[in-house]
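*Asks:* What would the 3D arrangement of this be:
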Amino acid sequence: MARALYIHWPFCLAKCPYCDFNSHVRDSVDHASWQDALLADMRFEAARAGGEALDSVFFGGGTPSLMPPALVERLLAEAEALWGFAPDIEITLEGNPSSVEAANYAALASAGINRASLGLQALDDATLRFLGRLHDADEGLAALEVAQQHFARVSFDLIYARPGQTASQWEAELSRALGFETGHLSLYQLTIEPGTRFETMVRQGQFEPLGDEQAADLFALTADLTNRAGLPAYEISNHARPGEESRHNLAYWRYQDYAGIGPGAHGRRGGVATVRHKKPENWLSAVARNGHGIAEERDLGLQEQAAEALLMGLRLREGIDLAGLSDRFDLPQIELIDPAKLQFYIGQGLAWQRSNRVGVTPAGMPLLDGLLGDLVPAELVSA
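*Replies:* Got it, this is the predicted structure:
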């Protein structure tokens with residue numbers, strides 16, 4: 001049964017050129033209609049994935065900090081009525097650090113939000129303009145200060161390995177970011193995603209992405225600085241003080257069940273994968289027609305579940321419990337990870353094994369995609 005709930009709010013004021021998330025720009029939003037539809041979608045999901053109190057709720061997007069606080073409060077009240085809340089539930093809302101949205105932080109905290117995740121993305125105006133952000137550096141830092149006043153826990157995102165970025169530039173920016181003393185940071189290397197405006201710009205020669213070697217050097221520098229600051233990486237791109245890891249994201253990476261509602265939201269319950277309609281208007285029509293926004297509901301075979309659990313769990317510093325996965329998916333350990341390849345990468349300092357736990361070392365994390373392709377048997381991934 002689901003212990004985590006994801007609520008997708010798909011609207012943004014503008015589409016960032018690097019973004020491939022399910023986000024949309026609309027002239028207006030009928031909040032009353034959206035409230036009714038989200039409540040219906042939530043009730044449908046709770047009837048199939050209820051039974052245990054929620055450990056986490058996550059409002060993602062899009063830009064959910066644009067949601068009226070009253071709508072957030074109504075959705076949380078319904079979620080608590082349907083599932084119940086664990087006493088120490090984590091309730092996160094993603095947002096852009098603009099002055100307009102910061103003005104809502106007090107009301108959002110009163111509505112029940114206790115953790116904010118802000119998309120600062122950079123700390124200087126020139127980079128923010130390149131990234132297509134609507135806020136400037138001063139506005140973003142002012143919003144961060146307001147967030148820290150109102151929420152028990154605050155995280156923010158930065159994008160690095162940008163075109164032409166040097167180690168000294170990133171060291172100065174990250175050191176400044178660590179000085180704000182949030183308990184969590186999400187630090188993502190810039191990737192050129194298919195279908196984004198950045199992909200078109202690169203294809204047209206408007207800028208050249210940072211080279212792989214330089215990006216690897218910045219990744220190592222990131223690990224060094226965050227470790228020294230007491231925010232080690234617990235996942236390849238996420239850093240936290242012990243105890244301040246994102247509980248909601250850990251539910252994904254540990255391959256636990258979660259309910260996902262709203263346009264484009266994914267979910268997993270009892271070996272069944274759910275995907276909602278992606279386009280906001282199509283999702284609204286589906287809810288009106290069917291009482292839910294599901295576009296696809298698919299049974300997951302044990303081998304497919306095992307492959308997904310491995311691919312996600314090996315992103316974590318804690319690694320995976322090989323014996324636990326073997327029992328859970330009724331598969332021999334030798335079919336989950338190739339033992340000869342595991343020993344080879346252990347010898348190379350890229351992987352580790354402690355009793356039944358297996359993981360990737362900090363030195364192996366920059367090579368994670370290649371390691372996963374080699375460690376996890378192809379027949380399992382293609383099952």
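
*Asks:* for the chain, which spans come out with low pLDDT?
*Replies:* 1-2, 383 (pLDDT under 70).

*Asks:* which residues of the stretch 101-250 of the chain fall in helices?
*Replies:* Remark: helices assigned in the stretch 101-250 of the chain by DSSP state H, counting those that start in this stretch are 105-111, 125-130, 137-150, 167-178, 197-203, 212-228, 247-253.

*Asks:* ok, how many other residues are close to Ala126?
*Replies:* 9 (other C-beta atoms under 10 Å). For the C-beta atoms, the positions are set from N, CA and C on the backbone; glycine is no exception.

*Asks:* Roughly how far does it sit from Ala137?
*Replies:* 9 Å (C-beta to C-beta, to the nearest Å).

*Asks:* in the stretch 51-200 of the chain, which spans are strands?
*Replies:* 54-61, 85-95, 115-121, 153-160, 184-189 (DSSP state E, counting those that start in this stretch).

*Asks:* and if you look at the stretch 201-350 of the chain?
*Replies:* 233-235, 238-240, 259-261, 266-269, 272-276, 294-299, 320-321.

*Asks:* contacting residues around the first one?
*Replies:* Spelled out, it's strand 233-235. 222-223, 226, 239-240, 245, 249, 253, 315-318, 362, 365 (C-beta atoms under 8 Å, 6 or more residues apart in numbering).

*Asks:* now with 10 Å?
*Replies:* Contact partners of strand 233-235, identified using C-beta atoms under 10 Å, 6 or more residues apart in numbering, comprise 184-187, 219, 222-223, 226-227, 239-242, 244-246, 249-250, 252-253, 312, 315-318, 362, 365.

*Asks:* I figured Leu185 was touching Ala229, is that so?
*Replies:* Yes - taking contacts as C-beta atoms under 10 Å, Leu185 lies within contact range of Ala229: 9.1 Å.

*Asks:* any shared contact partners between these two?
*Replies:* 174, 177-178, 239, 241.

*Asks:* Compare those and tell me which is most surrounded.
*Replies:* Counting by other C-beta under 10 Å, top hit in the shared contacts of Leu185 and Ala229: His239 with 26 neighbours.

*Asks:* what bridges to that one?
*Replies:* Beta-bridge partners recorded for His239 (DSSP bridges): Leu185, Ala233.

*Asks:* Could you verify my assumption that it touches Asp157?
*Replies:* No - applying C-beta under 10 Å, one finds His239 not in contact with Asp157, separated by 11.2 Å.

*Asks:* Against Gly347, how distant is the residue of the chain positioned farthest from its centre?
*Replies:* Going by C-alpha atoms, centre = their mean, the residue of the chain most distant from its centre is Ala340, 32.5 Å out. Distance of Ala340 to Gly347, given as C-beta to C-beta: 11 Å.

*Asks:* remind me, longest helix of the protein?
*Replies:* helix 31-49 (DSSP state H).

*Asks:* Tell me which other helices or strands that helix touches.
*Replies:* strand 4-9, helix 69-83, strand 259-261, strand 266-269, strand 272-276, helix 280-290, strand 294-299 (3 or more C-beta pairs under 10 Å, 6 or more residues apart in numbering; DSSP states H and E).

*Asks:* Dump the ones you listed into a markdown table; add mean neighbour count and distance to Gln121 as well.
*Replies:* Putting the helices and strands packed on helix 31-49 into a markdown table (neighbours: other C-beta atoms under 10 Å; distance: least, C-beta to C-beta, whole Å) gives the following:
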| stretch | mean neighbour count | distance to Gln121 |
| --- | --- | --- |
| strand 4-9 | 26 | 19 |
| helix 69-83 | 18 | 23 |
| strand 259-261 | 28 | 25 |
| strand 266-269 | 19 | 24 |
| strand 272-276 | 19 | 27 |
| helix 280-290 | 17 | 24 |
| strand 294-299 | 13 | 30 |
